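Enquirer: only geometry, no sequence info:
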């Protein structure tokens, strides 16, 4: 049971409600409420007076949640979503209950926090016309809001247009996105459980469209990029949609109406993706996530549906002509070919996409993640060397993920190790960090030393901790590495070079001692001193280092 010593005054409580609305989506709050009601939170403990709560929450498995009451953005969870998830909400509600505060004030944080500023009622009460619609028309749409589950997706977006009209169209930033989202949550009618995630998704899709589909004049003459504040807002909306997808349809049994709305959603996202400017990938990411997390899990045994989607994509070239976003087009076809297990076709399509516009790392890693989740180790071993090079020029964190998938393959199929080494070597120099780490992890000490020598890396550039495994397991391999570096330092013929040489010579002395080759060391240091006897500064550094008398 949690120790409820941390008490919140009224101001702190209102601040927490505001934070809750800003950090958690409305759908996540509703799902977290279900977890709270089902008593899934246990082992809750307030660790200290800083407002950090650690708890265990039962989901698909038991997840460890660390909730920061005063800074929700710093909270963590061990679930796949990791942040802003329903498990955090359940812990937050559990804490509110112990404090004697209203759980429902948090669950309804979006309408509680923002409705007065941007409500549907305010929009309706404008001059009688909204976006050209008379007041009678707005009343009609408000009535129809209660029937959204039966209406097509296009009707949803018409209603969204209506209730956000008063927010204007010239302030596309995070403030606009927050208020627009609050308006959409305010008019949301009670919906079946399977429709809730769809409504949340389309609320965000509508706002994303408002942010990124502005006319060229809104930013610059060419319309080739969007403004900084708009980009920040769009990235935030994108991240929230990723959470919606990852939370998925867990515990929900989709009905027939959901299937129809999902088909319409796919058509809407596909259309937006194929017409998206080349330098943007918003809808391309949404399309992949929609298929990976929602459509394919429901249709993985329905090859005809996947084939139909592929054929739909293939006709796009004739439909869109020169406006076709070809990189996204190739990527989407690659995904369908992947699902149809036509791997070589998929690889070729993804390479074509990458030639046009570098594939986002998330897209490349997404294929590996699906194979890893399905435990298709042999297939994963084929995919990694084929499209792994597309990650080459990206950040180290993405290459670290790439190595993670290889490690999983080798753990289950040790015979694939040689393929891994060939793949990592082929991706040099981009893969140099993961290549060296893999050599150390797998005890390939000689190859590690050979790589250092071939790249001309200096021993003193390496952290001592990096050399510890070699010194422990194969110290003799360090001798040529150190000896060559000493000679290079001396050739600098300056004080800094001599000091570096002496520093390394001290390491060599310890190595020879460890190898029980003291006599060999004594002969070497005397010969080195005699050979460089004219270098007075070097002789001084040798004496200071107590290497000669």
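Expert: Sure thing, it's come through. As the structure is a computational prediction, the values presented were derived from the model and not from experiment.
Enquirer: tell me the confidence at the closest residue to residue 437 other than its chain neighbours?
Expert: Leaving aside its chain neighbours, residue 437 sits nearest to residue 403 (7.0 Å; criterion: CB to CB, 6 or more residues apart in numbering). No exception for glycine: its C-beta is placed from N, CA and C like everyone else's. On pLDDT, residue 403 comes in at 93.
Enquirer: in what helix or strand does residue 403 lie?
Expert: Assigned by DSSP states H and E, residue 403 belongs to helix 396-412.
Enquirer: give the buried residues for the next helix or strand after that helix.
Expert: Sequence-wise, the next helix or strand downstream of helix 396-412 (DSSP H and E) is helix 417-426. Of all the residues in helix 417-426, those buried under the rule 16 or more other CB atoms under 10 Å are 417, 419-421, 423-424.
Enquirer: now do helix 417-426 against helix 396-412, angle only.
Expert: Using axes from the mean of the first three to the mean of the last three CA atoms, to 10 degrees, one finds that helix 417-426 and helix 396-412 are set 160 degrees apart in direction.
Enquirer: so what does helix 417-426 touch, helix or strand wise?
Expert: The helices and strands touching helix 417-426, judged by 3 or more CB pairs under 8 Å, 6 or more residues apart in numbering; DSSP states H and E, are helix 377-387, helix 396-412, helix 432-441.
Enquirer: tell me which residues are up against the helix holding residue 403.
Expert: 361, 364-365, 368, 371-372, 375, 377, 380-381, 384, 388, 391, 416-417, 420, 423-424, 430-431, 433-434, 437-438, 441 (CB atoms under 8 Å, 6 or more residues apart in numbering).
Enquirer: chain center to it: distance?
Expert: The chain centre lies 16 Å from the centre of helix 396-412; the measure is CA atoms, centre = their mean, to the nearest Å.
Enquirer: what does stretch 523-534 give?
Expert: With CA atoms, centre = their mean, you get 56 Å for stretch 523-534.
Enquirer: what ranges does the chain have for its strands?
Expert: Using DSSP state E, the strands of the chain run over 41-46, 52-58, 62-68, 76-77, 129-130, 133-134.
Enquirer: for residue 442, give me its contacts.
Expert: Residues counted as contacts of residue 442 (CB under 8 Å, 6+ apart) are residue 417.
Enquirer: repeat that for the one 4 residues further on.
Expert: With contact set as CB under 8 Å, 6+ apart, residue 446 has these partners: 474, 477.
Enquirer: again with the one 4 residues further on
Expert: Contact analysis of residue 450 by CB under 8 Å, 6+ apart lists nothing.
Enquirer: one more time with 10 Å, if that's ok
Expert: 439, 444, 477, 480-481 (CB atoms under 10 Å, 6 or more residues apart in numbering).
Enquirer: likewise residue 284?
Expert: Here residue 284 is in contact with 269, 272-274, 276, 325, 327-329, 331-332, 353, 357, 359-360, 362-363 (CB under 10 Å, 6+ apart).
Enquirer: now, which of those lie within helices?
Expert: Counting by DSSP state H, these place 269, 272-274, 327-329, 331-332, 353, 362-363 in helices.
Enquirer: pLDDT weak spots in the stretch 301-450 of the chain?
Expert: 393-396 (pLDDT under 70).
Enquirer: now the residue nearest the centre of the chain: closest residue in space that isn't a chain neighbour?
Expert: The centroid of the chain falls nearest to residue 362 when counting by CA atoms, centre = their mean (6.9 Å). If the residues on either side of it in the chain are set aside, residue 362 comes closest to residue 285, at 6.6 Å by CB to CB, 6+ apart.
Enquirer: what is the burial count for that neighbour?
Expert: Number of residues near residue 285 (other CB atoms under 10 Å) recorded here: 21.
Enquirer: hmm, residue 241 and it touching each other?
Expert: Yes - counting by CB atoms under 10 Å, residue 285 touches residue 241, with 8.5 Å between them.
Enquirer: ok, residue 203 - contacts?
Expert: Applying CB under 10 Å, 6+ apart, the residues contacting residue 203 are 25-27, 156-157, 160, 164, 180-181, 183-185, 188, 237, 240-241, 244.
Enquirer: for residue 433, see how far away it is.
Expert: Residue 203 sits 41 Å away from residue 433, going by CB to CB, to the nearest Å.
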